[in-house]
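Curious how this folds, go ahead:
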Amino acid sequence: MIVEQHSTRRNAPFAALRRAWQFRELISGMAKREVLGRYKGSWLGLVWTLLTPLLLLLVYMFVFGVIFQARWPQSEGVDGNFAALLFCGIIAFFMFSEVLTRSPRLIVDNANYVKKVVFPLDALIWVAVATALFHFLISFVVLLGFVLVSGVGVSVYLLYFPVITGLLVVFLLGLSWFLSALGVYIRDVSYIAGFLSTALLFLSPVFYPASAVPESFRILMDLNPLTFYIEAFRSVAVLKQAPDYMSMLLATAVSLGVFALGYWFFQRVRKGFADVL
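Numbering: from 1, shown residues only. This next block holds a predicted model:
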């Protein structure tokens with residue numbers, strides 16, 4: 001046990017990946033059960049995972065395209081682009097927000113697993129992120145269908161999508177490990193996360209492009225980890241442009257750093273979970 005803990009501290013990213021592979025069947029089973037559980041008892045069941053983002057996109061298209069006749073600064077006036085660009089930012093934010101708001105209570109709400117020595121608590125984080133990723137991918141499929149039907153089309157730059165999504169998943173895993181562990185000891189973290197989620201909806205380039213932010217406040221936008229992902233998804237999916245390579249390189253470094261530090265912190269403090277809960 002001592003050797004395993006020492007190895008975890010030295011090679012946190014590799015230890016996290018090894019454990020995820022070791023418990024892959026447990027993680028996939030729990031994630032599947034959670035997704036199905038959300039729609040248990042409803043008439044349409046899993047159809048809602050496709051129907052909800054589709055209806056949301058249609059609402060955006062009607063309100064912003066028909067009523068407001070809004071145009072995105074980068075859209076070159078193409079009809080429907082505003083709804084697609086806005087929807088792209090919304091679904092990326094929703095994925096981040098789901099993990100952010102849920103993580104602080106992830107261990108607290110599953111306290112029955114804490115005292116089970118054989119249960120891998122870190123698997124709960126993989127399940128939470130996998131569930132958020134599933135709904136994001138369904139929404140993204142709806143977005144791609146919309147841009148194809150509307151005539152906007154897709155480009156070869158869409159091949160960057162798996163890379164950008166992978167970086168976001170790595171970042172969210174590290175963030176969730178950190179917040180879930182911290183939330184056991186400081187229950188106020190869940191309230192802070194809820195406030196941050198609401199604030200970041202308007203402080204992130206969801207309803208506007210990052211280029212629209214005044215120069216004096218641009219540094220705040222650059223420090224927001226969501227900025228890169230929202231802008232990158234828009235670039236490859238709607239604007240048919242390559243993501244900014246320097247920003248992608250920086251996002252890679254940040255994601256790997258958050259992933260390693262979050263897992264290390266989780267493993268470091270998890271031994272005290274049982275005493276607190």
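
which SS class is L100?
Applying DSSP: H, G, I helix; E, B strand; the rest coil to L100 yields a three-state assignment of helix.

for it, what are its contacts?
L175, L179, A193, L196, S197 (CB atoms under 8 Å, 6 or more residues apart in numbering). Yep, even glycine has a C-beta here, placed from its N, CA and C like the rest.

Would you quantify the distance from the last one to F136?
Read it as S197. 16 Å (CB to CB, to the nearest Å).

Give me the more crowded residue out of the two.
F136 (21 against 17; other CB atoms under 10 Å).

List the residues that contact the residue lying closest to the more buried one once chain neighbours are set aside.
Distances taken as CB to CB, 6 or more residues apart in numbering place M95 nearest to F136, at 4.1 Å, with adjacent residues excluded. If you count contacts by CB under 8 Å, 6+ apart, M95 has them with A132, L133, H135, F136, L168, L172.

name the element M95 belongs to?
Using DSSP states H and E, M95 falls within helix 81-102.

Beyond that helix, next helix or strand please.
For helix 81-102, the following helix or strand on the C-terminal side (DSSP H and E) is helix 111-114.

can you list the residues that contact that following helix?
I107, F119, L121, L124, F273, A274, L277.

One more: stretch 154-166?
By CB under 8 Å, 6+ apart, stretch 154-166 touches 133, 136-137, 140, 144, 147-148, 229, 232-233, 235-237, 240-243, 248.

again, only this time at 7 Å
144, 147-148, 229, 232-233, 235-237, 240-243 (CB atoms under 7 Å, 6 or more residues apart in numbering).

For it, buried residues please.
Neighbour-count burial for stretch 154-166, counted by 16 or more other CB atoms under 10 Å, picks out Y157, Y160, F161, I164, T165.

wait, which of the residues you listed is closest to S204?
I164 (15.5 Å; CB to CB).

Tell me the first helix or strand C-terminal of the helix or strand containing that closest one.
Per DSSP H and E, I164 falls inside helix 161-185. Using DSSP H and E, the helix or strand that follows helix 161-185 towards the C-terminus is helix 189-203.

Check which element follows that next one along the chain.
helix 218-223.

tell me the angle of the helix or strand following that next one relative to helix 161-185?
Per DSSP H and E, the first helix or strand lying C-terminal to helix 218-223 is helix 225-234. Angular relation of helix 225-234 and helix 161-185 on a 0 to 180 degree scale: 150 degrees, by axes from the mean of the first three to the mean of the last three CA atoms, to 10 degrees.

Brilliant, that's me finished.
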